[in-house]
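>>> coords below, sequence missing:
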């Protein structure tokens with residue numbers, strides 16, 4: 001369950017995918033976020049979230065994990081999510097650069113989520129266990145696709 005003190009939450013594209021695909025494995029995660037939204041939770045992501053989410057859906061279709069009609073429906077649902085997409089300014093770019101260097105990674109995509117969560121002083125929920133382990137800070141929470149972790 002989302003802690004009642006959490007007012008804002010950054011979600012990565014993996015969480016977005018889990019919210020938009022009707023799957024019993026994602027029911028807990030969807031229920032937790034829905035309850036948070038009813039209690040005033042605001043969702044945030046960097047602007048690139050749309051691109052990453054589209055990529056996840058196209059990969060799922062390509063690898064026959066999802067039918068094209070279900071992928072299209074999921075993308076339609078994603079466009080209706082109440083999520084504030086934040087365009088990166090120079091400060092966020094530099095913070096993402098610093099995170100990328102600190103994590104010794106070649107690509108900065110994940111770092112923009114980290115930079116945004118730090119800017120908003122709120123948790124980041126991700127379905128990327130490797131990111132969670134690499135960062136090692138309590139405000140980055142691995143929720144898996146099923147939301148099996150505790151959210152408090």
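Alright, I've got the coordinates. Quick caveat, the model's predicted, so the values are computed rather than measured.

>>> When you work out contacts or count neighbours from here on, use the C-alpha atoms and nothing else.
Will do.

>>> low-confidence ranges in this protein?
Low-confidence segments of the chain (pLDDT under 70): 1-5, 145-152.

>>> What lies in contact with stretch 75-88?
16-17, 19-20, 42-47, 49, 54, 57, 112 (CA atoms under 8 Å, 6 or more residues apart in numbering).

>>> Can you check the distance spanned by stretch 55-68, start to finish?
Taking CA to CA, to the nearest Å, the first and last residues of stretch 55-68 lie 13 Å apart.

>>> Kindly check the end-to-end length of stretch 99-109 for me.
Span of stretch 99-109 from end to end, CA to CA: 10 Å.

>>> quick one, helices of this protein?
Along the chain, counting by DSSP state H, helices occupy 13-20, 27-38, 49-62, 68-80, 90-102, 109-120, 129-135.

>>> give the contact list for residue 9.
Residues in contact with residue 9 (CA under 8 Å, 6+ apart) are 41-44, 117, 122-125.

>>> nearest spatial neighbour of it, skipping sequence neighbours?
residue 43 (5.0 Å; CA to CA, 6 or more residues apart in numbering).

>>> number of nearby residues for the one you found?
19 (other CA atoms under 10 Å).

>>> now residue 134
As a burial measure, residue 134 scores 11 neighbours (other CA under 10 Å).

>>> Residue 128 too?
Residues contacting residue 128 under the criterion other CA under 10 Å number 18.

>>> What separation do you get for it and residue 94?
Separation of residue 128 from residue 94 (CA to CA): 22 Å.

>>> try residue 49
Between residue 49 and residue 94 the computed distance is 18 Å (CA to CA).

>>> Also residue 60?
From residue 60 across to residue 94, the span is 32 Å (CA to CA).

>>> same thing with residue 36?
When residue 36 is compared with residue 94 (using CA to CA), they lie 31 Å apart.
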